[in-house]
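Asker: Predicted model and sequence below, questions to follow.
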Protein chains: 2
Amino acid sequence: MPHRRSAFFVSDRTGITAESLGHTLLTQFETAEFKRETIPFIDTPDKAGEVSRRIAERAQSDHHRPLVFLSIIDPGVRKAIEVDDCALVIDLFDSFISTLEQELGQHASRAAGKSHGITNEKTYHHRIDAVNFSLNHDDGVKPSDLAEADVILVGVSRSGKTPTCLYLALQYGIRAANYPLTPEDFGKPILPKLLLPHRHKLFGLTITPDRLVQIRSERRPNSTYASLDNCRFEVKEAEAMMRQQGVTFISTTHKSIEEIASTIIHSARLAKRF
Amino acid sequence: MPHRRSAFFVSDRTGITAESLGHTLLTQFETAEFKRETIPFIDTPDKAGEVSRRIAERAQSDHHRPLVFLSIIDPGVRKAIEVDDCALVIDLFDSFISTLEQELGQHASRAAGKSHGITNEKTYHHRIDAVNFSLNHDDGVKPSDLAEADVILVGVSRSGKTPTCLYLALQYGIRAANYPLTPEDFGKPILPKLLLPHRHKLFGLTITPDRLVQIRSERRPNSTYASLDNCRFEVKEAEAMMRQQGVTFISTTHKSIEEIASTIIHSARLAKRF
């Protein structure tokens, strides 16, 4: 049986950056198992001392050195993390900052909280605004909404439009509207009328009929809506329409929300509002 | 005038990890300005060659070496990024992976796409399920919803509950319900009846009256709802109730969604469903 290592993600702020890179690295070790723990908001030497003791205790009880992914900017706090004897420290900040200082010919400010905090009220406002946009306009589509949108996701019901819109809004402040293609839209080789003035903003999502049956069945088991025949029909018609109208589309079947969102941003050249 | 450096975030997948750490590092250089560009899905040597040419061209036109934050796992693709002469490369993966290999006594699989992809259908399902939970139960609160929730956010209208619920769902698969405290709930020293069976799951959000006026005024300008007197009253009553009932609460006024979410997860010891 493989032993389980402890992996700590220790940060002066949310820990999101340390987790993100830490997970990427750890998933490379397929046979290893990790007890993962995020310790955010370690922003004083006292808290750092406390964390050091916890890690040292864990090293003892595990009989293995914990892995510590560290993202701490303030040198005083960083110094108070004293675990070098009992843990492997991966220092995500210090490893690169002096190289950057040298390259840019200036000193880093070494002030915490510049990322994932409200550094810019305007950007923050963009995000909340985009979330509200996406929440208020999910399903009931009005022409004015489409005019205000940065991008309009089209696709059959349950192809992934809503979570993608929310993710684009929350992460990137992008106003994404959502236009569901329904059986009424099919059978004619043209775009739904509401969409015509905005064809340059359209981006399509599609999905395999099999997967669509699964997802729809969870909501409405044994319905026509969720039947394989109907799902096949809707997907076929939606894809034919998008292809004919030159709407770029991607399959969400094997993609995570992050992958779908990144693909759309990149392909539609959308500006992120950080 | 400070010159603007180009900063590229190049990844074999979404680029989220490279961006996240890259931004943290760059925000440390306050007087510098950066032209930031994310280039995701660089997963073949051909694409990597193309990126290398773009970076080399930029180096020429900028008259400064671009910064390249690199997260590429496949060694063949990594090798095809040949910019060492003309750019500063910060290799987020290679910098740490051999240290980890040595510590763990095993080789990294060096297979891309393990993070931010659908590696685990079940976790992915948790997230979508949590998003639907949060969307379906925003505002109209039913007792059954509260029973199913992992955490119940309480607070006055526009204190940040909805975006936080969505963020918890999308990022961490946490089912967060949302219970708005309204003037009807005030004036008595007890919790709203629906919440009583779930007091251990409650987490409060508050906000300064001034900020609340701003936010509410955008939705309903010149209303009683958005007036300073009313906002002061609601915030005071809500805080008094939470304090008296022993509900932990935090102020969202100067916090980003990421910070609010991390604080809740940490403080309420919620399990992330990655």
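Answerer: Yep, that arrived. What you are looking at is a predicted structure, and each value in this text was computed from that prediction instead of being measured.
Asker: May I see the buried residues of stretch A:47-55?
Answerer: By neighbour count on 16 or more other CB atoms under 10 Å in any protein chain shown, the buried set for stretch A:47-55 is A:47-48, A:51-52, A:54-55. The C-beta positions use only the backbone N, C-alpha and C, and glycine is treated the same way.
Asker: Reformat those as a markdown table; add secondary structure.
Answerer: As requested, the buried residues of stretch A:47-55 are exported to a markdown table (DSSP: H, G, I helix; E, B strand; the rest coil):
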| residue | secondary structure |
| --- | --- |
| A:K47 | helix |
| A:A48 | helix |
| A:V51 | helix |
| A:S52 | helix |
| A:R54 | helix |
| A:I55 | helix |
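Asker: Would you mind listing what in the stretch 151-274 of chain A touches chain B?
Answerer: Counting by CB under 8 Å from any CB of the partner chain, the residues of the stretch 151-274 of chain A close to chain B are A:162-163, A:166-167, A:170, A:254-259, A:261-263, A:265-266, A:272, A:274.
Asker: List buried residues within these.
Answerer: Buried members of these, scored by 16+ other CB under 10 Å, are A:162-163, A:166-167, A:170, A:255-259, A:261-263, A:265, A:274.
Asker: Pick the one among those residues closest to B:A18.
Answerer: A:S262 (11.3 Å; CB to CB).
Asker: Tell me which helix or strand comes right after the stretch of helix or strand A:N132 belongs to.
Answerer: If you go by DSSP states H and E, A:N132 is part of helix A:121-136. Beyond helix A:121-136 on the C-terminal side, the first helix or strand identified by DSSP H and E is helix A:143-148.
Asker: Find the residue ranges of chain A scoring beneath the pLDDT cut-off.
Answerer: Residues of chain A meeting the criterion pLDDT under 70: A:1-3, A:112-121, A:138-140, A:274.
Asker: can you list the domain ranges for it.
Answerer: Chain A breaks down by automatic domain parsing into domains covering A:4-104, A:121-267.
Asker: B:E82: which of these is closest?
Answerer: domain A:4-104 (18.7 Å).
Asker: tell me how far the ends of the closest one are from each other?
Answerer: Start-to-end span of domain A:4-104 (CA to CA, to the nearest Å) is 41 Å.
Asker: Quick one: neighbours of the residue nearest to A:L228 when sequence neighbours are not counted, just the number.
Answerer: Of all residues beyond its chain neighbours, the one nearest A:L228 is A:V213 (5.3 Å), with distances taken as CB to CB, 6 or more residues apart in numbering or on different chains. Applying other CB atoms under 10 Å in any protein chain shown, we find 19 residues neighbouring A:V213.
Asker: repeat for the one 3 residues further on
Answerer: For A:R216, the neighbour count with other CB under 10 Å is 20.
Asker: go on, A:R232?
Answerer: Neighbourhood size, A:R232 [other CB under 10 Å]: 15.
Asker: Not counting sequence-adjacent ones, nearest residue to A:P45?
Answerer: In this structure, A:P45 finds its nearest non-sequential neighbour in A:A80, 3.9 Å apart by CB to CB, 6+ apart.
Asker: if I pick that neighbour, what's in contact with it?
Answerer: A:45-46, A:48-49, A:52 (CB atoms under 8 Å, 6 or more residues apart in numbering or on different chains).
Asker: ok, then the element right after the helix or strand in which the residue nearest to A:L228 is found?
Answerer: Take DSSP H and E as the rule and A:V213 turns out to sit in helix A:209-219. Downstream of helix A:209-219, the next assigned helix or strand under DSSP H and E is helix A:228-244.
Asker: counting contacts, what elements does whichever helix or strand comes after that following helix pack onto?
Answerer: Tracing the chain past helix A:228-244, the next element assigned as helix or strand by DSSP H and E is strand A:249-251. Applying 3 or more CB pairs under 8 Å, 6 or more residues apart in numbering or on different chains; DSSP states H and E, one finds that strand A:249-251 contacts strand A:202-206, helix A:228-244, helix A:257-267.
Asker: Much appreciated, bye for now.
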